[in-house]
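# I would like the atomic coordinates for the input below:
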Amino acid sequence: VWCQAQSGTRSYGPVFEEQPSHTLFPEGSAEEKVTLSCRARANPPATYRWKMNGTEIKVEPDSRYRLVAGDLVISNPQKAKDAGSYQCLASNSRGTVVSREASLRFGFLQEFSAEERDPVKITEGWGVMFACSPPPHYPGLSYRWLLNEFPNFIPADGRRFVSQTTGNLYIAKTEASDLGNYSCFATSHIDFITKSVFSKFSRLSLAAEDARQFAPSIKARFPADTYALAGQVVTLECFAFGNPVPRIKWRKLDGSQSSKWIGSEPLLQIQDVGFEDEGTYECEAENIKGRDTYQGRIIIQAQPEWLKVITDTEADIGSDLRWSCAAAGKPRPTVRWLRDGQPLNSQNRIEVSGGELRFSKLGLEDSGMYQCVAENKHGTVYASAELTVQAFAPDFRLNPVKRLIPAARSGKVIIPCQPRAAPKATVLWTKGTELLVNSSRVTITADGTLILQNISKSDEGKYTCFAENFMGKANSTGILSVRDATKITLAPSSADINVGENLTLQCHASHDPTMDLTFTWALDDFPIDFDKSEGHYRRASMKETIGDLSIFNAQLKHSGRYTCTAQTVVDSASESATLTVRGPPGPPGGVVVTDISDTSVQLSWSRGFDNHSPIARYLIEARTLLSSKWKQMRTNPVNIEGNAETAQVVNLIPWMDYEFRVLASNILGVGEPSLPSSKIRTKEAAPTVAPSGLGGGGGAPNELIINWTPTLRDYQNGEGFGYLVSFRRKGSQGWLTARVPHAESLHYVYRNESIAPYTPFEVKIKAYNRKGEGPESLTAIVYSAEEEPKVAPYRVVAKSVLSSEMDVSWEPVEQGDVAGVLLGYEVR
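Take a look at the predicted model:
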């Protein structure tokens, strides 16, 4: 066995690489033979046999059967002798396997009957059906109809329909153009061979009459129960007579229309049908005179499909074995077992129960090729595996005891003993001539492994493992060499540092000088990968006995228990230290907003990590829908102590959307913020700020225009925002008030014939919303519209000064006579 494994020529039973497939042979074909394929991989090579309908075929020199490798070639195939079910059997010295079954069938299409077909006479406008009555054939046919002559085929339109199930032609409503002779044209498609035949003509004549309209009547209908296999295409036919020509609609009564539905009105095709498509389907034919319906079921079934299969297995003689296989399918598949191609039933040490096969106390005679077979009425599937029962003497050639076994003084050594053996070998250990038994320092495990503890120099010597079973015995020897133990001479010390600082953890060791020493570091038992540390970790020394670890720019994630391990091939020593990295606090959690009023809310949160430095205080920030920038908020209490988990946020803007977050701080800084709270809106309140920018003036005669700056969203405080504008002629008593809705409004125009030009008015403004009115602004003076001056300057005097200059002077007009602001004079 060992020689075969090493040379790569291991023997194994047949494994099919090609199996026979269902074959359709056209009768009368020019091809004079049929080939059924079969090929199996095997060592030694397989020999082949064939069965037809369960009976072995005798392949003789003068028969019509011959074998080409594993293929079965049938010369001059004949339906009467050769139609049936075929199976290939592949065998070698390891066993036999049986292929799947493949059918050989013969395709044919005979001629239509030579009898004349009866003429058909019908009233124009009525529906008519021509029966195809196809001749004997296999497999199915495709159908078309000729009108009068070849190749004048009748097109498939909404008025005419050719059933591909029966071949019949249906005309929903006859017309004058339908007069003529009709013939059914049937075509058989087998591989690349096509054959067509057509029937005798049947004449259609029409009786002229006023075509009256009538309700639909379904004539071509699908079966009441349509069985289909999962994955196939299902086609349902439905066609009705009627005048006008009915429209056909489809629906599934117990579900919705699927995206897999395709086809035209008389046909419903479902691609890749699955169990979800099972149910009742309704065809509805409708025109203006009425409707007709028909219902039928689609029932989905499935061929067997493996869920669990058996695999090649090697087992020791005398052991137990359990194999199982399982298959899905509808109807539920039955499962049976074969051994070397023969049915296997419960007997002696073998129990067969459906998909379960159990062996107790395996013997060499149980070796062979096994097959699990699952079948229902739609098909059969085979799963094959080889069982090899092994029996051989212990053999150390693949796994000898290690020749030289180094061990550390005061340490422990484990020496495996793993010979190949079937059945499993019993194991004994000796040191020199001394038989070893279990003691406080010596342990021999159930699988034969020798463990020595608290080793001293006296344990050096030859150790031999003896293995034996009923097939024979063998032994293997190794030499134990005791070395000085590895020791940590300078262990790392625990330390506290702040984020961003550097530190070196020391680790020195002594070891046996005949062996190499390596250092490894782990953080919380996870090995440190120096190449992936982003420069935070480096080895501090290249000396063999120094394994110091330098940590640069320490971060919070570098806190933990650091373990230094000094290791040789025989032993190791470890020491640990704890590093605490202090930093700003982590983010608080679970920010919740409660007690929402117009200008305050109550905030609560859960405490985050303090990162090894006590939390001193909390800060609360907020942002509104008007700005994405976070701002620190006023709180009650003003300073939030580090042990608090709730606070009130004050001085908020009424009717404003807010998000809040909490930050913790300690002596090392402010930490990361919490996640934002859910958005909230403060309650509404009456405006608290008067509109600004009050002024005005200008306009048309008899107008008073009052302007202001629209109030920003921050100060509106609620829904229904607007402005109350009050004004009066300066010196008068009563105020006039106007209500101006909408926050974006920015002026008000008061018109009155009594308003004199450039008359001063006292004006004030306040805001309102649905919660009330806000404070009034300071009073401003606004003048009504100006007019042109009504008077001219007088006492105009002109005096010459030089040859090119003169001096003009006049008496100025009174301000009250100008009807506005005097801007200046124009000299002409």
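# buried ones in stretch 325-333?
For stretch 325-333, burial by neighbour count (16 or more other Cβ atoms under 10 Å) applies to Cys325, Ala327, Gly329, Lys330, Pro333. In this view, the C-beta of every residue, glycine as well, is placed from N, C-alpha and C.
# okay, these in a markdown table with secondary structure, distance to Tyr370 and pLDDT next?
Formatted as a markdown table, those follow (DSSP: H, G, I helix; E, B strand; the rest coil; distance: Cβ to Cβ, whole Å; pLDDT from 0 to 100):
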| residue | secondary structure | distance to Tyr370 | pLDDT |
| --- | --- | --- | --- |
| Cys325 | coil | 10 | 95 |
| Ala327 | strand | 16 | 96 |
| Gly329 | strand | 21 | 94 |
| Lys330 | strand | 26 | 94 |
| Pro333 | coil | 18 | 95 |
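# Output those as JSON lines; include the columns distance to Ala577.
Output for the buried residues of stretch 325-333, formatted as JSON lines (distance: Cβ to Cβ, whole Å):
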{"residue": "Cys325", "distance to Ala577": "57"}
{"residue": "Ala327", "distance to Ala577": "60"}
{"residue": "Gly329", "distance to Ala577": "64"}
{"residue": "Lys330", "distance to Ala577": "66"}
{"residue": "Pro333", "distance to Ala577": "65"}
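# for these, which one is nearest Val725?
Lys330 (83.1 Å; Cβ to Cβ).
# Is that closest one bridged to anything, and to what?
Taking DSSP bridges as the rule, Lys330 bridges to Ala302.
# do the same with Glu434
Bridge pairing for Glu434 - DSSP bridges - gives Lys431.
# With Ser550 instead?
Bridge pairing for Ser550 (DSSP bridges) gives the partners Thr504, Arg538.
# need the contact list for it.
By Cβ atoms under 8 Å, 6 or more residues apart in numbering, Ser550 lies in contact with Asn502, Leu503, Thr504, Tyr537, Arg538, Arg539, Ala540.
# Can you say which of those are buried?
Counted by 16+ other Cβ under 10 Å, those give Tyr537 as buried.
# Make CSV out of the contacts of Ser550 and add pLDDT and distance to Gly693.
Listed next are the contacts of Ser550 as CSV, based on pLDDT from 0 to 100; distance: Cβ to Cβ, whole Å:
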residue, pLDDT, distance to Gly693
Asn502, 96, 60
Leu503, 95, 63
Thr504, 95, 68
Tyr537, 95, 64
Arg538, 93, 66
Arg539, 91, 71
Ala540, 85, 70
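# From the contacts of Ser550, pick the one nearest Ala228.
Nearest member of the contacts of Ser550 to Ala228, counting by Cβ to Cβ, is Tyr537, at 65.8 Å.
# Surely that closest one is in contact with Ile551?
Yes - using Cβ atoms under 8 Å, Tyr537 makes contact with Ile551 at a distance of 6.3 Å.
# Closest to Tyr825 out of the contacts of Ser550?
Asn502 (85.3 Å).
# Skipping adjacent residues, who's closest to that closest one in space?
With Cβ to Cβ, 6 or more residues apart in numbering as the criterion, Asn502 has its nearest non-adjacent residue at 5.1 Å, and that residue is Phe552.
# list the contacts for that neighbour?
Phe552 neighbours (Cβ under 8 Å, 6+ apart): Asn502, Gly535, His536, Tyr537, Arg538.
# do the same with Pro77
Phe25, Lys33, Val34, Arg64, Leu104, Phe106.
# Could you list everything the third one pairs with in the sheet?
It stands for Val34. Ile74.
# number of nearby residues for it?
Residues near Val34, counting by other Cβ atoms under 10 Å, number 19.
# distance of it from Pro139?
16 Å (Cβ to Cβ, to the nearest Å).
# again, but for Asn454
Taking Cβ to Cβ, one finds Asn454 at 84 Å from Pro139.
# next one: Asp210
In terms of Cβ to Cβ, Asp210 sits 47 Å off from Pro139.
# Ok, Gly379 next?
On the measure of Cβ to Cβ, Gly379 and Pro139 end up 17 Å apart.
# Compare those two and say which is more crowded by neighbours.
Gly379 (16 against 12).
# List the contacts of the residue lying closest to the more buried one once chain neighbours are set aside.
Ranked by Cβ to Cβ, 6+ apart and with sequence neighbours excluded, the top spatial neighbour of Gly379 is Gln303, at 4.0 Å. Shown in contact with Gln303 (Cβ under 8 Å, 6+ apart): Leu229, Ala230, Gly329, Asn376, His378, Gly379, Val381.
# do the same with Asn148
Counting by Cβ under 8 Å, 6+ apart, the residues that Asn148 touches are Gly180, Asn181.
# Report pLDDT for it.
As predicted, Asn148 sits at a pLDDT of 91.
# just Ala42 next, same as before
Ala42 is given a pLDDT of 94.
# if we take the contacts of Ser550, which one ends up nearest to Met129?
Tyr537 (89.3 Å).
# so how far is Ser410 from the closest residue in space to Asp524 that isn't next to it in sequence?
Once flanking residues are discounted, Asp524 sits nearest to Gly560: 4.4 Å by Cβ to Cβ, 6+ apart. Counting by Cβ to Cβ, the gap from Gly560 to Ser410 is 30 Å.
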